[in-house]
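Colleague: this is a predicted model, with the sequence first.
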2 protein chains.
Amino acid sequence: MKDKFYQYIQDLQNTITSKLEEVDGKATFKEDMWKRPEGGGGRTRVIEKGNVFEKGGVNISGVHGALPKSMQAYFKVGDVDFFACGLSLVLHPKNPMVPTVHANWRYFEMYDKQGNTVDQWFGGGQDLTPYYLFDEDAQHFHTVCKTTCNRHNPNFYRTYKEKCDAYFWNAHRNEARGIGGLFFDYCKATDTMPLEAWYDFVTEMGNSFLDSYIPIVTKRKKLKYTQEQRDWQEIRRGRYVEFNLVHDKGTLFGLKTNGRIESILMSLPPHVQWHYDHEPKKGSEEERLIKVLKKPKEWI
Amino acid sequence: MKDKFYQYIQDLQNTITSKLEEVDGKATFKEDMWKRPEGGGGRTRVIEKGNVFEKGGVNISGVHGALPKSMQAYFKVGDVDFFACGLSLVLHPKNPMVPTVHANWRYFEMYDKQGNTVDQWFGGGQDLTPYYLFDEDAQHFHTVCKTTCNRHNPNFYRTYKEKCDAYFWNAHRNEARGIGGLFFDYCKATDTMPLEAWYDFVTEMGNSFLDSYIPIVTKRKKLKYTQEQRDWQEIRRGRYVEFNLVHDKGTLFGLKTNGRIESILMSLPPHVQWHYDHEPKKGSEEERLIKVLKKPKEWI
């Protein structure tokens, strides 16, 4: 399973970066191969200063070895070996009318010291962070999520949509990072859902990513915007930074377990602003966004 | 002691904000009084878009009540009451030749349920974060710190300078946030250093702040700079954000114990950049700064 899934994310990285370059029409991805001293490594691909994408990364990694102490405590296991691989992407468009998107699909295995597999599971999800809210874009994104979920289990969409709203919650601001999507983790084999079925689910989610996001980009990337709207985008990107550095388990984990810093922090936006006590004008589009983020909404 | 120290920081806030407005010559501090629902409150003063100060805050607060659960665990105490007050300041100058400065002086008391004081201590410090390194500025800042320390104990400067280097360490970047200064905490009464003597020490530190910083501002605020130097400042401000959101105990504490968000996050710089894998040119001033930050230096 681990070889099959690692092959899958390598192919998916190629598919996604090719399509994004085509949509951007100017910038191309810069590739960095890196090795983890304790075992494994990754292929980081970053795009910067494009026509459409101001900054973004589509990274894969496959790491293995002894499970670090901090992760043993986190997973409440003893001294085991592990293998983990996944694809992680974040795209920060230049135009504030185009939403930021994040996605991740991953697979984890643990072994005892005799090399027997003791646990294995999939995780992942995708979520959208608009700066200006087009309801039809949110509906489109959620519809693709739901359609793909429904091919596997009629409860997945509701369950994973709620987990996503709960996870991407900027607790100190009492608001959501964005308008959500899906978040699933510890997807383990059961009688009705063997590991192969989870593989099918996760890879179909990965395959549906471009369908969920590219039509939105295409529709919004040429919209005109003002300097004030750009400032608003940069202020809201500040909230994105706050979430990733204060709350995001993946980021903090990477930072605290000697991950490759530049690959982890590629998720941070290129230009960001913080102003004291910034409040959008009453009745404005900016205020409408905040109101929606205060209480996660059913989009479909 | 608590009334005396709270009166002191109120006066110090007035002294510091008056002087900073005079130095800036354009912007003035905006004041927000706020109340903490569980007891106490604060007086936040923020300056923005000045001639010299692009963003800064000089805040005081005095809070009291039952010690929150999360703080009980942190201090390893039971269900006690507390009083805490302090002044916290961060100044982000516009000109990249002028360093960012941070300072904080605080007093903490704990009481049992009969109202008996069970613990009381002072803490604080001040540290400098340059974007371009003028050795004489670092020396000046540290000389003021040392001179003030030496009036109280010949070991204080060395001890608190080392604590500062250890505390303001961006571990995930393996570099210091800036060129340090002083950091002290849990300064409790002893036979040779009663609480009154700590009060004298901490208030003299507070009184020396303007002497440590203003001469540097005056010397550098009119220096010319390029867009590239400004970009470098914004990139380095990104490291400031990373420290404050990932490592700073004060910030995380505030965020996780329902503090006043806008007062806590006034420390974040106004304009910030993150680029993938940015490396300064070989032999440049930017590279020299990084090298110094990799290994804390004796400035005097």
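Modeller: Thanks, I have the structure now. Numbering: from 1, shown residues only, chains lettered A, B, ... in the order given.

Colleague: farthest residue from the center of chain A?
Modeller: Ranked by distance from the centre of chain A (Cα atoms, centre = their mean), the top residue is A:Gln114, with 34.3 Å.

Colleague: quick one: A:Gly115 is in a helix?
Modeller: No: using DSSP: H, G, I helix; E, B strand; the rest coil, the assignment for A:Gly115 is coil, not a helix.

Colleague: can you give me the distance of it to chain B?
Modeller: 32 Å (Cβ to the nearest Cβ, to the nearest Å). C-beta here means a position set from N, CA and C on the backbone, and glycine is covered the same way.

Colleague: the closest residue to A:Phe201 other than its chain neighbours - how many residues pack around it?
Modeller: Closest residue to A:Phe201 apart from its sequence neighbours, by Cβ to Cβ, 6 or more residues apart in numbering or on different chains: A:His152 at 4.6 Å. Per other Cβ atoms under 10 Å in any protein chain shown, the neighbour tally for A:His152 reads 17.

Colleague: gap between A:His152 and A:Phe184?
Modeller: To A:Phe184, A:His152 is 11 Å away according to Cβ to Cβ, to the nearest Å.

Colleague: report the buried residues of stretch A:170-185.
Modeller: Using 16 or more other Cβ atoms under 10 Å in any protein chain shown as the test for burial, stretch A:170-185 gives A:170, A:172-173, A:175-184.

Colleague: hey, where'd the helices end up in the stretch 201-300 of chain A?
Modeller: In the stretch 201-300 of chain A, helices defined by DSSP state H, counting those that start in this stretch lie at A:227-242, A:249-256, A:261-264, A:285-294, listed in chain order.

Colleague: helices and strands around the last one, which ones?
Modeller: Packing partners of helix A:285-294 (3 or more Cβ pairs under 8 Å, 6 or more residues apart in numbering or on different chains; DSSP states H and E): strand A:175-176.

Colleague: pretty sure the residue nearest to A:Phe201 is in contact with A:Tyr199, am I right?
Modeller: No: the pair A:His152 / A:Tyr199 is not scored as a contact, 11.1 Å apart, by Cβ atoms under 8 Å.

Colleague: can you pull the residues of the stretch 151-300 of chain A lying near chain B?
Modeller: Within the stretch 151-300 of chain A, the positions near chain B by Cβ under 8 Å from any Cβ of the partner chain are A:172-173, A:234, A:238, A:241-242, A:245-246, A:252, A:255-256, A:261-262, A:265-266, A:268-277.

Colleague: near chain B, anything from stretch A:54-65?
Modeller: Yes: contact between stretch A:54-65 and chain B, assessed by Cβ under 8 Å from any Cβ, occurs at A:Lys55, A:Gly57.

Colleague: what mean pLDDT does that stretch have?
Modeller: The pLDDT scores in stretch A:54-65 average 95.

Colleague: CA-only coordinates of it in PDB, if you can.
Modeller: Output of stretch A:54-65 as PDB, limited to C-alpha atoms (Å, rounded to 0.1, in the frame of the first residue of the first chain):
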ATOM      1  CA  GLU A  54       1.500  35.000  -6.200                       C
ATOM      2  CA  LYS A  55       2.900  32.100  -4.200                       C
ATOM      3  CA  GLY A  56       2.100  28.400  -3.800                       C
ATOM      4  CA  GLY A  57       3.600  25.000  -3.200                       C
ATOM      5  CA  VAL A  58       2.700  21.500  -4.200                       C
ATOM      6  CA  ASN A  59       4.900  19.200  -2.100                       C
ATOM      7  CA  ILE A  60       5.200  15.500  -1.600                       C
ATOM      8  CA  SER A  61       7.300  13.700   1.000                       C
ATOM      9  CA  GLY A  62       7.800  10.200   2.100                       C
ATOM     10  CA  VAL A  63       9.600   9.800   5.400                       C
ATOM     11  CA  HIS A  64      10.400   6.800   7.600                       C
ATOM     12  CA  GLY A  65      12.500   5.600  10.500                       C
END
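
Colleague: any idea how far that stretch is from the chain center?
Modeller: 11 Å (Cα atoms, centre = their mean, to the nearest Å).

Colleague: give me the buried positions along that stretch.
Modeller: A:Glu54, A:Lys55, A:Gly56, A:Gly57, A:Val58, A:Asn59, A:Ile60, A:Ser61, A:Gly62, A:Val63, A:His64.

Colleague: now the weakest link among the helices of the stretch 201-300 of chain A, please, by mean pLDDT.
Modeller: helix A:249-256 (a mean of 81).

Colleague: what angle sits between that one and helix B:227-242?
Modeller: Angle, helix A:249-256 to helix B:227-242, by axes from the mean of the first three to the mean of the last three Cα atoms, to 10 degrees: 100 degrees.

Colleague: and helix A:249-256, what's buried?
Modeller: The neighbour-count check on helix A:249-256 (16+ other Cβ under 10 Å) flags A:Gly250, A:Thr251, A:Leu252, A:Gly254, A:Leu255 as buried.

Colleague: next: stretch A:12-24.
Modeller: Buried-residue list, stretch A:12-24, by 16+ other Cβ under 10 Å: A:Leu12, A:Gln13, A:Ile16, A:Thr17, A:Leu20, A:Glu21, A:Val23, A:Asp24.

Colleague: can you check stretch A:141-159 too?
Modeller: Buried-residue list, stretch A:141-159, by 16+ other Cβ under 10 Å: A:Phe141, A:His142, A:Thr143, A:Val144, A:Cys145, A:Lys146, A:Thr148, A:Cys149, A:His152, A:Phe156, A:Tyr157.

Colleague: with stretch A:25-34 instead?
Modeller: Result for stretch A:25-34 [16+ other Cβ under 10 Å]: buried residues A:Ala27, A:Phe29, A:Asp32.

Colleague: quick one: that stretch to chain centroid distance?
Modeller: The answer for stretch A:25-34 is 19 Å, by Cα atoms, centre = their mean.

Colleague: quick one: the strands in the stretch 51-200 of chain A?
Modeller: For the stretch 51-200 of chain A, the strands defined by DSSP state E, counting those that start in this stretch cover A:53-66, A:81-93, A:100-111, A:117-129, A:169-170, A:175-176, A:180-187.

Colleague: the residue lying closest to A:Asn59 once chain neighbours are set aside bridge partners, please.
Modeller: Closest residue to A:Asn59 apart from its sequence neighbours, by Cβ to Cβ, 6+ apart: A:Thr44 at 4.7 Å. Here A:Thr44 sits in beta bridges with A:Asp32, going by DSSP bridges.

Colleague: does A:Thr44 touch A:Phe29 like I think?
Modeller: No: the pair A:Thr44 / A:Phe29 is not scored as a contact, 9.3 Å apart, by Cβ under 8 Å.

Colleague: what is the neighbour count of A:Asn244?
Modeller: Neighbours around A:Asn244, by other Cβ under 10 Å: 22.

Colleague: distance of it from B:Phe253?
Modeller: 19 Å.

Colleague: also A:Asp24?
Modeller: Going from A:Asp24 to B:Phe253 by Cβ to Cβ gives 42 Å.

Colleague: A:Leu12 against A:Leu87, yeah?
Modeller: Yes: the criterion here is Cβ under 8 Å, and A:Leu12 meets it with A:Leu87 at 5.8 Å.

Colleague: need the residues touching each of those two.
Modeller: Jointly contacting A:Leu12 and A:Leu87 under the rule Cβ atoms under 8 Å, 6 or more residues apart in numbering or on different chains are A:Trp105, A:Gly206.

Colleague: how much does the helix or strand of chain A with the lowest mean pLDDT deviate in direction from strand A:100-111?
Modeller: Lowest on mean pLDDT, DSSP states H and E among the helices and strands of chain A sits helix A:249-256, with a mean of 81. Inter-element angle recorded for helix A:249-256 and strand A:100-111: 70 degrees (by the same axes, to 10 degrees).

Colleague: how far off centre is helix A:249-256?
Modeller: The answer for helix A:249-256 is 14 Å, by Cα atoms, centre = their mean.

Colleague: and the contacts of it?
Modeller: Counting by Cβ under 8 Å, 6+ apart, A:70-71, A:74, A:88, A:104, A:244-245, A:259-261, A:263-265, A:267, B:172, B:246 sit against helix A:249-256.

Colleague: of the buried residues of stretch A:141-159, closest to chain B?
Modeller: Here the nearest of those to chain B, counting by Cβ to the nearest Cβ, is A:Phe141; it sits at 25.1 Å.
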